[in-house]
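Enquirer: Here is the input, now give the coordinates:
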Amino acid sequence: MPMFKGVRYSKYRHVYGKPFRKEKCYDGVPISKNAHESNFCCINLKYVAIITESAGGGSFVVIPIERSGRLEPTQAKVTGHSGPVLDIKWNPFNDDMIASCSDDTTVKIWEIPEGGICGVNLTDHIADLRGHSRRVGQIEWHPTAENILASAAHDCMVIVWNIASGEEVCVIDCHPQPVFSLSFNWQGNLLATTCKDKKMRVINPRTGELLQVGQCHTGSKSSKLVFAGDSNFIISVGLTRSGERQIALWNKDSLQAPLCMRAIDSGTGALFLYYDCDSRVAFVAGKGDGNMRYFEILDEKPYIYYLNEFQTSSPQRGFGVMPKRGIDITQNEMMRFYKLHTTKGYCEPLSMIVPRKSDKFQEDLYPATPSNEPAMTAEEWIGGMDKPPVMTVIGSNRGPVSKHTRAPLKSVVVQPKKQDSVDSATSSPKSEPKFTPTSSPKPSKPIATVVANVQQESEEPIIKKRSSSPVMAAPSPKRHIEPRHEKDIDTAMPEPSKPETNSIASRMAIFENKGSKGTGRGSGPNSPIATRFSRSSTSSSPSESPRIERQLSMSAVPDKKERMSSTSSTGSDKEIERTINRHGKEVFRIALQPVRQQSLPPDVEDVRTNGDGKETHDIIPLVKETKMVRREFLTSKDMGKDMQGMDQLRKAFLRQQEEIKQLKTQLMLKDQRIRQLEREIESMNNSSSC
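Expert: Alright, predicted model coming up:
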């Protein structure tokens, strides 16, 4: 029998997206409407750069990252290109330097002044790279060497530049058609590209030598690729001829066949690919879609593991990615995207968060990541030197190397509250928890029943000996009580001793005595509350009270819930409920439930003595039965909850119906496609037979 493998464990399985509040977004940005398939946005720790729509020439706006809100119409821009700007990228080693490529066949390098562009537009560039004969659509900075930049244009050439001298390091002309995307590997000694001829290539960027070539995605839409960190893998996304969107994993040493190719969905929009080398998670979003899927890249089969999907109702035009040095470690943030909306000029930050219960710094989520320091100079790289990136560790006490980064935030450690120790079964009465009568526990759930029409017609005590003597409980009507003399009463009811402070029943009595001394509306023996809930004890004899107190004081702590009844010195029975709440503390709840008072037989007499020593026998007045009526009702709050639940069920049912309709339409389309293919096969067979 095969073993059930279950769901694969991944700490990124429950990653979710959290959009920023509106006041933290950027509104009123005239985002470019160019049909070129690029991100139109790039981010670093200081600025947000977005390509904008312009009447003549090309421009992009640079906004300080802390200056969120609505953009002013007179905001200064970078306006130095004579054609539309197609792509922009920040220098990974200088937060004030940005590169841009345009439809005017040039690549320009800009230096943003400290604090952003203020007043007039920026038109002075620090480098103007001219070498392409047609529009330049893609640019990419070198990951380890300083001042090395690669550009790809529609003249089917890729040029590697040294921006410090403005010279061409290498011109790569092995592509027969325009290049869709390009990416450097971990050390920067390899360059991978995808082309319109539907092939993938791995090239030496110093010499232009073609190392590997293989068939990529077969669709006509642009395909994107990226090197998977320090591994030997290349990740690519694209479309098939039938419009099915895919994600694939390749080995850089052999591009003959992919290690894994997985279908995502069916759509017409091009896919954008973003890879986090620290967590090995690839984020895939479609142009014009409202969702984003993320996959985990593995070293073994199945290689590509689907994690989850973040969905929104607004379509996206492109994304900018914040470097790992600028994310918020206190919120367990693993990636931060800046989403450009398609239908309105709106840039919305979006945090991808790994849910954790602890507020401490999660060291496993933040391994060493590339810093903003170059590993070598441009001359060293041109001379043949290869070095990995300079790494830095983001943490509560170890911040990134960049001088422009924010101060490292210390992790917030929540100290657990000290819980009261729970007594064992053999605990003594002294170890019982203290009971504070001034703070009565609130019920955990609203009371659904009420007690009404409780009338107390007689408030006189049944038997009176002295003003300080306790009240005798009313006996059961089945039991006949003979008239007693004073001696019998003294022997049956001993003098009250000092109550035990550790017993529960004695504490209840103290609580009632304190409540009777109050001057408020609900206090005192004649208050409506006391009159409504007062009743006589149902115990068989008064001597049982000390025994009950001893049993309650010596009782063991219950496991979950325990109910007990006690008789206080005032003669009223109570039902005490002992529970342990979720904090491990013991809670006492007192349930005052009025019942019918028992009537006495008419032959019971009150024996008392006069001042002269003679006995007098008075007939005790009968106590009428107290009626009790229980009514159950629903409040408006409960009815509102029921209506809300019905609305949720109705909405869920409608959603299911819509999904069923969509599935039916998809099945119909697939059936039509199958019939069309069958007809084509029959026609081909007929033509071949002829």
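
Enquirer: Only C-alpha atoms from now on, for both contacts and neighbour counts.
Expert: Will do.

Enquirer: My guess is residue 155 contacts residue 131. True?
Expert: No - assessed by Cα atoms under 8 Å, residue 155 is found out of contact with residue 131, at 10.3 Å.

Enquirer: Give me the residues contacting stretch 12-24.
Expert: Applying Cα atoms under 8 Å, 6 or more residues apart in numbering, the contact partners of stretch 12-24 are 68-69, 307-310, 348-355.

Enquirer: biggest separation within these, which pair?
Expert: Taking Cα to Cα as the measure, those span a maximum distance of 33.1 Å, between 69 and 307.

Enquirer: who has more neighbours, these two?
Expert: For residue 69 against residue 307, the residue with the higher neighbour count under other Cα atoms under 10 Å is residue 307, and the figures read 18 against 15.

Enquirer: which stretch of helix or strand covers that one?
Expert: strand 304-311 (DSSP states H and E).

Enquirer: how about stretch 298-314 as CSV, C-alpha atoms only?
Expert: Listed next in CSV are the C-alpha coordinates belonging to stretch 298-314 (Å, rounded to 0.1, in the frame of the first residue of the first chain):
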residue,chain,number,x,y,z
LEU,A,298,13.6,23.4,-4.6
ASP,A,299,16.8,21.5,-5.4
GLU,A,300,14.9,18.3,-6.0
LYS,A,301,11.6,17.2,-7.5
PRO,A,302,9.1,18.7,-7.9
TYR,A,303,11.5,21.7,-8.2
ILE,A,304,8.7,24.2,-8.3
TYR,A,305,6.3,24.1,-5.4
TYR,A,306,3.1,26.3,-5.5
LEU,A,307,2.6,28.2,-2.2
ASN,A,308,-0.3,30.6,-2.4
GLU,A,309,-2.0,33.5,-4.2
PHE,A,310,-2.7,37.1,-3.4
GLN,A,311,-5.8,38.5,-5.1
THR,A,312,-7.1,42.0,-5.5
SER,A,313,-9.8,43.6,-7.6
SER,A,314,-7.7,46.3,-9.3
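
Enquirer: tell me which residues in that stretch are buried?
Expert: Neighbour counts over stretch 298-314 (16 or more other Cα atoms under 10 Å) mark 303-309 as buried.

Enquirer: With adjacent residues omitted, what lies nearest to residue 215?
Expert: Using Cα to Cα, 6 or more residues apart in numbering and skipping the chain neighbours, the partner closest in space to residue 215 is residue 199 (4.6 Å).

Enquirer: Verify the stated contact: the one you found with residue 220.
Expert: No - with contacts counted by Cα under 8 Å, residue 199 stays clear of residue 220, the gap being 11.4 Å.

Enquirer: counting contacts, what elements does the longest helix seen in the chain pack onto?
Expert: Longest helix in the chain by number of residues (criterion: DSSP state H): helix 636-689. Other helices and strands packing on helix 636-689, by 3 or more Cα pairs under 8 Å, 6 or more residues apart in numbering; DSSP states H and E, are absent; none qualifies.

Enquirer: any idea how far residue 139 is from residue 260?
Expert: Here the criterion is Cα to Cα, to the nearest Å. By it, residue 139 lies 28 Å from residue 260.

Enquirer: More neighbours: these two, which one.
Expert: Between residue 139 and residue 260, counted using other Cα under 10 Å, the more crowded position is residue 139 (24 against 15).

Enquirer: Identify the bridge partners of the more buried one.
Expert: Going by DSSP bridges, residue 139 is paired in beta bridges with residue 151.

Enquirer: which residues touch it?
Expert: In this structure, residue 139 makes contact with 87-89, 99-101, 149-152, 182, judged by Cα under 8 Å, 6+ apart.

Enquirer: again, only using 10 Å
Expert: Contacts were defined as Cα atoms under 10 Å, 6 or more residues apart in numbering; by that measure residue 139 touches 86-89, 99-101, 107, 149-153, 158-160, 181-183.

Enquirer: With residue 240 instead?
Expert: Taking Cα under 10 Å, 6+ apart as the criterion, residue 240 is in contact with 216-221, 246, 263, 266.

Enquirer: before we move on, what about residue 184?
Expert: So, once contact is read as Cα under 10 Å, 6+ apart, residue 184 ends up touching 140-144, 150, 190-193, 202-203, 205, 226-227, 229.

Enquirer: Go again with 8 Å.
Expert: Contacts were defined as Cα under 8 Å, 6+ apart; by that measure residue 184 touches 140, 142-143, 190-192, 226-227.

Enquirer: One more: residue 242?
Expert: Taking Cα under 8 Å, 6+ apart as the definition of contact, the neighbours of residue 242 are residue 219.

Enquirer: what's the spacing between it and residue 290?
Expert: Separation of residue 242 from residue 290 (Cα to Cα) stands at 22 Å.

Enquirer: for residue 667, same thing?
Expert: From residue 667 over to residue 290 the distance is 24 Å, taken as Cα to Cα.

Enquirer: for the closest residue to residue 271 other than its chain neighbours, what are its contacts?
Expert: Distance criterion Cα to Cα, 6+ apart; nearest residue to residue 271, sequence neighbours excluded, is residue 286 at 4.3 Å. Contact criterion Cα under 8 Å, 6+ apart gives 269-272, 292, 316 as the residues in contact with residue 286.

Enquirer: redo that, cut-off 7 Å
Expert: Residues near residue 286 by Cα atoms under 7 Å, 6 or more residues apart in numbering: 269-272.

Enquirer: Closest one to residue 656 out of those residues, please.
Expert: Distance to residue 656, by Cα to Cα, is smallest for residue 269 among the contacts of residue 286, at 26.1 Å.

Enquirer: excluding its backbone neighbours, what's nearest the closest one?
Expert: Setting aside the residues directly before and after it, residue 269 is nearest to residue 287 in space (Cα to Cα, 6+ apart), at 5.1 Å.

Enquirer: Neighbours of the one you found, how many?
Expert: The number of residues packed around residue 287, counting by other Cα under 10 Å, is 21.

Enquirer: Same check on residue 138?
Expert: Residues near residue 138, counting by other Cα under 10 Å, number 25.

Enquirer: same question, residue 357
Expert: If you count neighbours by other Cα under 10 Å, residue 357 ends up with 5.

Enquirer: Let me know whether my guess that it is in a helix holds.
Expert: No - going by DSSP: H, G, I helix; E, B strand; the rest coil, the assignment for residue 357 is coil, not a helix.

Enquirer: Show me where this protein dips below the pLDDT cut-off.
Expert: Within the chain, the stretches with pLDDT under 70 are 1-7, 396-576, 582-584, 587-642.

Enquirer: now the strands for the stretch 101-250 of the chain?
Expert: Secondary structure of the stretch 101-250 of the chain, counting by DSSP state E, counting those that start in this stretch: strands at 106-111, 127-130, 136-141, 148-153, 158-162, 167-172, 179-184, 191-195, 199-203, 210-215, 224-227, 233-239, 244-251.

Enquirer: number of nearby residues for residue 388?
Expert: As a burial measure, the neighbour count of residue 388 was computed by other Cα under 10 Å and equals 18.

Enquirer: Quick one: residues contacting it.
Expert: By Cα under 7 Å, 6+ apart, the contact list for residue 388 reads 144, 186-187, 375.

Enquirer: how about 10 Å then?
Expert: Neighbours of residue 388 in contact, by Cα under 10 Å, 6+ apart: 143-145, 185-189, 230, 370, 374-376.

Enquirer: Which of those residues are buried? Put it as a PyMOL command.
Expert: Applying 16+ other Cα under 10 Å to the contacts of residue 388, the buried members can be selected in PyMOL as follows:
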select buried, resi 143+144+145+185+186+187+188+189+370+374+375+376
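
Enquirer: a markdown table for the contacts of residue 388, including distance to residue 14?
Expert: Listed next are the contacts of residue 388 as a markdown table, based on distance: Cα to Cα, whole Å:
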| residue | distance to residue 14 |
| --- | --- |
| 143 | 30 |
| 144 | 33 |
| 145 | 36 |
| 185 | 29 |
| 186 | 28 |
| 187 | 32 |
| 188 | 33 |
| 189 | 36 |
| 230 | 25 |
| 370 | 26 |
| 374 | 35 |
| 375 | 35 |
| 376 | 39 |
